[in-house]
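1. sequence isn't available, so here's the structure alone:
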């Protein structure tokens, strides 16, 4: 995964942030969650957060909430009896005018159903029809996340980046590890939110298939399958959430939650610009929300 420096993040809106010599502006998205209820708090200000990490220069320069987003919807290809129609309709109604949405499906392999678009009808159709099939093979959500990351271009000022995934909370057939994918999400400042499909697995038969042959590789030289891995843990590592959905509002709820996440603009030495800083509450912030915690890239529970 290519390194994406965040020197382009010179402002939120039209305000230009000045950084010291040899430093560049960068951005990271975090969520201040109320303890025990797993809900984001509102009204976070610059003085409520502090940054720590290599090359980080001082406190945040600026905070922003409710920013437009580049959203990749990633759905496991399996029949769901029309639930995606309601989910798609509620999602497009929740989008901001400047949001861009792409849609992918995954099973053993991945397929792009729609490139980034603001067309509500195209988004709705891609979600409704793209992943409501009868896929029976073992699913590999980690590969879905990796291919979704490839759809994001260079970061733009004042925009968030998120993957909204619907599927199992376990990966059983990938040849890559959660830690590898988590590093890519953190490096590119992309948050993963997971809606866990509660459909009992006994009603969805799966056929285990061998990993695909690469070139002339023999089975003995193919990378070994890693084993069962938690996609929920991957979401947490990126600063996102994982919840079992019970109604069709799951994608719209993800978009609403994204509006409450805080984009933190700060200055960092150029050579450390790819590293996500540690973000914590200041003493003033702890007084406002004594039981709250800051969730962000690399800040696992």
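-> Yes, it's here. None of the values given here were measured: they were computed from a predicted structure.
2. any weak-confidence spans in the stretch 1-150 of the chain?
-> Along the stretch 1-150 of the chain, segments meeting pLDDT under 70 span 1-17, 81, 130-137.
3. please enumerate the strands of it.
-> 23-34, 39-40, 49-52, 62-64, 69-76, 100-106, 110-117 (DSSP state E, counting those that start in this stretch).
4. now mean neighbour count too, for these, in JSON lines please.
-> Quick note: C-beta positions are derived from backbone N, CA and C, even for glycine. Shown next, in JSON lines, are the strands of the stretch 1-150 of the chain (neighbours: other CB atoms under 10 Å):
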{"stretch": "strand 23-34", "mean neighbour count": "23"}
{"stretch": "strand 39-40", "mean neighbour count": "18"}
{"stretch": "strand 49-52", "mean neighbour count": "18"}
{"stretch": "strand 62-64", "mean neighbour count": "17"}
{"stretch": "strand 69-76", "mean neighbour count": "24"}
{"stretch": "strand 100-106", "mean neighbour count": "24"}
{"stretch": "strand 110-117", "mean neighbour count": "17"}
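5. closest one to residue 261 among those?
-> Smallest distance to residue 261 across those (CB to CB): 4.7 Å, for strand 23-34.
6. okay, now the sheet partners of that closest one, with direction.
-> Looking at strand 23-34 with DSSP bridges, its partner strands are strand 39-40 (antiparallel), strand 262-269 (antiparallel), strand 293-295 (antiparallel).
7. ok and that strand relative to strand 69-76, angle-wise?
-> 60 degrees (axes from the mean of the first three to the mean of the last three CA atoms, to 10 degrees).
8. all helices of the protein, in order?
-> 83-94, 120-130, 141-149, 178-187, 231-238, 250-260, 283-288 (DSSP state H).
9. low-confidence ranges, the stretch 201-301 of the chain, go.
-> The low-confidence ranges in the stretch 201-301 of the chain, as defined by pLDDT under 70, are 201-225, 299-301.
10. roughly how far does residue 148 sit from residue 249?
-> 22 Å (CB to CB, to the nearest Å).
11. try residue 242
-> 16 Å.
12. now do residue 104
-> 21 Å.
13. ditto for residue 80
-> Taking CB to CB, one finds residue 80 at 15 Å from residue 249.
14. go on, residue 294?
-> Counting by CB to CB, the gap from residue 294 to residue 249 is 26 Å.
15. please apply the same query to residue 195.
-> 10 Å.
16. neighbour count winner among those two?
-> residue 195 (22 against 16; other CB atoms under 10 Å).
17. in the sheet, who's paired with that one?
-> Here residue 195, judged by DSSP bridges, has bridge partners residue 166, residue 243.
18. so it sits against residue 257, correct?
-> No: Residue 195 is beyond contact range of residue 257, at 11.6 Å (criterion: CB atoms under 8 Å).
19. OK, contacts around residue 145?
-> By CB atoms under 8 Å, 6 or more residues apart in numbering, residue 145 lies in contact with 74, 163, 165, 181, 185, 192, 231, 234.
20. distance to residue 43 added to those residues, as a markdown table?
-> Converted to a markdown table, those look like this (distance: CB to CB, whole Å):
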| residue | distance to residue 43 |
| --- | --- |
| 74 | 32 |
| 163 | 27 |
| 165 | 29 |
| 181 | 33 |
| 185 | 27 |
| 192 | 26 |
| 231 | 32 |
| 234 | 30 |
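21. who wins for most neighbours among these?
-> Ranking the contacts of residue 145 using other CB under 10 Å puts residue 165 first, with 30 neighbours.
22. doesn't residue 238 make contact with that one?
-> No: using CB under 8 Å, residue 165 makes no contact with residue 238, being 10.9 Å away.
23. mutual contacts of the two, please.
-> Contacts common to residue 165 and residue 238, judged by CB under 8 Å, 6+ apart, are residue 192.
24. on that earlier part again, now tabulate the strands of the stretch 1-150 of the chain in a markdown table and tack on distance to residue 278.
-> Below are the strands of the stretch 1-150 of the chain laid out as a markdown table (distance: least, CB to CB, whole Å):
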| stretch | distance to residue 278 |
| --- | --- |
| strand 23-34 | 10 |
| strand 39-40 | 19 |
| strand 49-52 | 4 |
| strand 62-64 | 16 |
| strand 69-76 | 24 |
| strand 100-106 | 30 |
| strand 110-117 | 31 |
